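Chemist: got a predicted model here, sequence first, then my questions.
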Amino acid sequence: MLLPATLLAAATALLPACLSPHPPPPTHAAGESPAATAGFDGLWQTSFGRMRLRQDGAEVRGSYSYATGSRIEGEVEDRRLEFRYTEPAAAGEGWFELSADGLSFAGQWRAEGADGWRGWSGTRVEPVPGRRWLVILEADWEGSLAEEEYAFADMLESYFTMSSARHVEVRKRSFHDAADLARWCAEVPYLAEPVVLLFSTHGTDQGIAVGGHTIGPEAIADAVRDCDNLLALHLSGCSMMKGPVPQQILDHLPAGVSFPISGYSTPVAWDASALADFVYLTFLLIRGLPPAEAVAQTHSMAPFTGEVRVAGGGFAPLGLDLLSPTTN
């Protein structure tokens, strides 16, 4: 295994000499207030933690962070949302009234069987222009104390301290099973800006391999079911793009949630996949390319990441691939 400093130097050598961030332009016209026309759709800081709502016509659905698994749904008439909420150990009803500028709401809630109402208010969380997130969820690589520790997330965190990556916020967490994975994924929707979610794990064509068990596509889809702010889900383990797992993840996502899924179709070596991830994430997060273009640029800059073995090359082809939700 290459030392982190050597690996970082090798990755940098694969990239163009001058890299500068190219954050996407605003998506609304000058002078237009997107909050005024978004209704309840978006991210909110509320009395009970952050809340991500999706509005489709009069229907509103979403989740909030008060307790993992808390959900809300209802219907809007004018600026008033009447809703039902469910939590792991509670349920009830309530209403929100949206302000005229779309930047806040105020309302009340009550639990099932209760007579009294209590206040619930929120303010809209606006994204920081140009900011992107890299969230790395890393499983245990080691099966015993005899094995040397390996932490790919640490190397990625160090890599994204370069000046051209200062708009990229990196967060790394470890997970040990499906419940752990779901716990951390549940927090991703409460980030205001676009996110690349990377699973740094052992992998197979059946799913994520961790702790002697496999986390399959249905469990992965359930974990990311509210992550409609993903730029991409990157499956950084071996062979996870080889079989039906990526398509099955997309197939099990709820309506209105979709994102590209990238990863490798071969049993990749640690050093080769690390180099590939550095290059791919550079194009995706620092250069701001769409996922499909980032994959194409990675193939161009680092040909061993493609499907064909490079003549005289030291790495077997990795088969870096992307499944777009348009093919779902």
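Modeler: Received, thanks.
Chemist: so how far does stretch 248-257 reach from one end to the other?
Modeler: The first residue of stretch 248-257 is 14 Å away from its last residue (Cα to Cα, to the nearest Å).
Chemist: what pairs with whichever strand or helix holds R50, parallel or antiparallel?
Modeler: Element membership for R50, per DSSP states H and E: strand 49-56. According to DSSP bridges, the neighbouring strands of strand 49-56, each with its direction, are strand 42-46 (antiparallel), strand 59-64 (antiparallel).
Chemist: okay, the longest one in PDB with CA atoms only?
Modeler: Think strand 59-64. Taking Å, rounded to 0.1, in the frame of the first residue of the first chain, the C-alpha atoms of strand 59-64 are listed here in PDB:
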ATOM      1  CA  GLU A  59     -48.600  17.900  -1.800                       C
ATOM      2  CA  VAL A  60     -45.700  18.200   0.600                       C
ATOM      3  CA  ARG A  61     -43.600  15.400   2.000                       C
ATOM      4  CA  GLY A  62     -40.300  15.400   3.900                       C
ATOM      5  CA  SER A  63     -38.300  14.500   7.000                       C
ATOM      6  CA  TYR A  64     -36.800  16.300  10.000                       C
END
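Chemist: what mean pLDDT does the very next helix or strand once past that strand get?
Modeler: Tracing the chain past strand 59-64, the next element assigned as helix or strand by DSSP H and E is strand 70-77. Across strand 70-77, pLDDT averages out at 96.
Chemist: one more: stretch 235-248?
Modeler: On average, stretch 235-248 scores 95.
Chemist: equivalent analysis for stretch 272-281, please.
Modeler: For stretch 272-281, mean pLDDT rounds to 95.
Chemist: export it as CSV, just CAs?
Modeler: Output of stretch 272-281 as CSV, limited to C-alpha atoms (Å, rounded to 0.1, in the frame of the first residue of the first chain):
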residue,chain,number,x,y,z
ALA,A,272,-5.3,2.3,-8.1
SER,A,273,-8.8,3.1,-6.8
ALA,A,274,-7.4,5.8,-4.5
LEU,A,275,-5.6,7.5,-7.4
ALA,A,276,-8.8,7.2,-9.5
ASP,A,277,-11.0,8.7,-6.8
PHE,A,278,-8.6,11.7,-6.3
VAL,A,279,-8.8,12.5,-10.0
TYR,A,280,-12.6,11.8,-10.4
LEU,A,281,-13.5,13.9,-7.3
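Chemist: quick check, distance from it to the centre of its chain.
Modeler: Mean C-alpha position of stretch 272-281 versus that of the full chain (Cα atoms, centre = their mean, to the nearest Å) differs by 18 Å.
Chemist: next, the angle from the strand holding R50 to strand 70-77.
Modeler: Here the directions of strand 49-56 and strand 70-77 differ by 50 degrees (axes from the mean of the first three to the mean of the last three Cα atoms, to 10 degrees).
Chemist: and F283, what are its phi and psi?
Modeler: phi -70, psi -40 (degrees, to the nearest 10).
Chemist: chain neighbours aside, what residue packs nearest to it?
Modeler: The shortest distance from F283 to any non-neighbouring residue, by Cβ to Cβ, 6 or more residues apart in numbering, is to A294 (3.9 Å). (Each C-beta comes from the backbone N, C-alpha and C, glycine too.)
Chemist: now the one you found, what's its secondary structure?
Modeler: helix (DSSP: H, G, I helix; E, B strand; the rest coil).
Chemist: that one and Y280 touch, don't they?
Modeler: Yes: taking Cβ atoms under 8 Å as the definition, A294 is a contact partner of Y280 at 5.8 Å.
Chemist: so which of those two has more stuff around it?
Modeler: When neighbours are counted by other Cβ atoms under 10 Å, A294 and Y280 differ, and Y280 comes out ahead with 29 against 26.
Chemist: quick one, what contacts the residue lying closest to E293 once chain neighbours are set aside?
Modeler: With Cβ to Cβ, 6+ apart as the measure, F283 is the residue that lies nearest to E293, at 7.3 Å, once sequence neighbours are left out. If a contact means Cβ atoms under 8 Å, 6 or more residues apart in numbering, then F283 has L289, E293, A294, Q297, T298 as its contacts.
Chemist: that'll do, ta.
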